[in-house]
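> predicted coordinates and the sequence they were generated for:
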Amino acid sequence: MIENNEYKKFFLKVKKSYLKYLRKQEVLGEPFHDKIGQLKNIYIPICSYIFKQYILSKKTIIIGLSGGQGSGKTTITNILKIILKKNFNLNVVSFSIDDFYKTLNERKKMSNKEDKLFLTRGVPGTHDISFLKKTLNNLKKKDFKKCYVPKFNKSIDDRYPKNKWNKVKKKPEIVIFEGWCVGAKHQSTKKLKKPINLLEKNYDKGMKWRIKVNNELKNRYKFIFKQIDKLIFLQVPNFNYVYKWRTLQEKKLKFMTKGKKIMSGIKIKEFIMFYERITRQMLIDLKHKANIVIKLDKKHRLVNIKFN
């Protein structure tokens with residue numbers, strides 16, 4: 001944590017950019033709650049913590065940022081980037097695990113080979129883990145030259161062409177790696193047996209899909225998550241709010257993509273069933289295991305932070 005007499009200096013450097021960014025995000029949703037209070041009590045302490053970790057390690061730091069769909073991961077990531085760049089003069093690169101989804105064609109092949117449920121993006125197994133591993137390794141290299149980070153277009157359910165990817169020209173001091181399942185742990189086989197929702201009950205009667213997803217977490221994803229130096233977890237009140245906030249996320253997506261096709265309310269309910277098992281388990285596990293926990297209330301407001 002930083003001393004009180006340092007807050008004024010921080011505010012002068014980041015307040016203008018921070019508020020400008022928040023105003024842009026308010027075009028569709030409700031106004032952000034207690035903007036200055038959150039800057040002082042949540043964002044600056046977190047950035048100070050990250051900066052200290054970087055100074056102590058003297059290497060590229062991988063920050064994982066995890067939370068349920070629509071919890072605010074992208075917004076929080078962008079605010080942390082603003083502060084880390086403006087106040088601490090750090091080169092920050094950020095991306096989502098969503099950007100590493102397998103292409104639509106690859107998921108079609110996987111659904112034919114493994115299980116038809118893998119056609120729907122999201123769960124472990126639908127990401128290009130080899131590509132993600134290579135990207136993380138490239139960003140951490142001492143002899144870093146340049147690196148291309150992919151981007152995924154959710155409105156067409158497929159990866160953007162390479163000419164629209166993010167080109168990283170300078171070695172980052174901080175990498176923020178965000179995603180709904182970042183840091184998730186696998187479950188015991190016993191826990192998998194009871195269906196958690198209608199999707200599992202009606203379309204995964206033989207448990208083939210959820211066993212495959214669980215094994216992905218247990219093996220390949222576990223290796224990726226071990227590369228995270230510090231993990232931040234957004235603790236939502238309960239899983240029921242994932243639907244409400246995911247709906248708002250779709251509305252923002254429609255605005256950002258200038259009216260392109262998005263999911264209906266019914267489709268969103270069906271969609272989040274794919275995420276339910278892992279999200280519920282994360283709400284149990286990560287509030288104790290994450291290095292930083294940001295608690296959200298029922299109105300989507302950041303209430304407080306806890307350092308574990």
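It's in. Computed from a predicted model, the values in this text were never measured in an experiment.
> all helices of the stretch 201-308 of the chain, in order?
For the stretch 201-308 of the chain, the helices defined by DSSP state H, counting those that start in this stretch cover 208-216, 222-225, 240-256, 265-289.
> helix, strand, or coil at residue 62?
strand (DSSP: H, G, I helix; E, B strand; the rest coil).
> mean pLDDT and distance to residue 72 for the helices of the stretch 201-308 of the chain - can I get that in a markdown table?
All C-beta atoms are positioned from the backbone trio N, CA, C, and that covers glycine. Shown next, in a markdown table, are these (pLDDT from 0 to 100; distance: least, Cβ to Cβ, whole Å):
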| stretch | mean pLDDT | distance to residue 72 |
| --- | --- | --- |
| helix 208-216 | 97 | 25 |
| helix 222-225 | 96 | 21 |
| helix 240-256 | 72 | 8 |
| helix 265-289 | 91 | 15 |
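> out of those, which is closest to residue 20?
The closest of the helices of the stretch 201-308 of the chain to residue 20 is helix 240-256. By Cβ to Cβ, the value is 17.4 Å.
> nearest the middle, which residue of this protein would you pick?
Central residue of the chain (Cα atoms, centre = their mean): residue 179, 2.2 Å from the mean position.
> neighbours of the residue nearest to it when sequence neighbours are not counted, how many?
Leaving aside its chain neighbours, residue 179 sits nearest to residue 97 (3.1 Å; criterion: Cβ to Cβ, 6 or more residues apart in numbering). If you count neighbours by other Cβ atoms under 10 Å, residue 97 ends up with 23.
> how about residue 275?
Neighbours of residue 275 using other Cβ under 10 Å come to 20.
> mind listing what the residue nearest to it when sequence neighbours are not counted touches?
Closest residue to residue 275 apart from its sequence neighbours, by Cβ to Cβ, 6+ apart: residue 122 at 5.8 Å. Residue 122 makes contact with 180, 271, 274-275, according to Cβ atoms under 8 Å, 6 or more residues apart in numbering.
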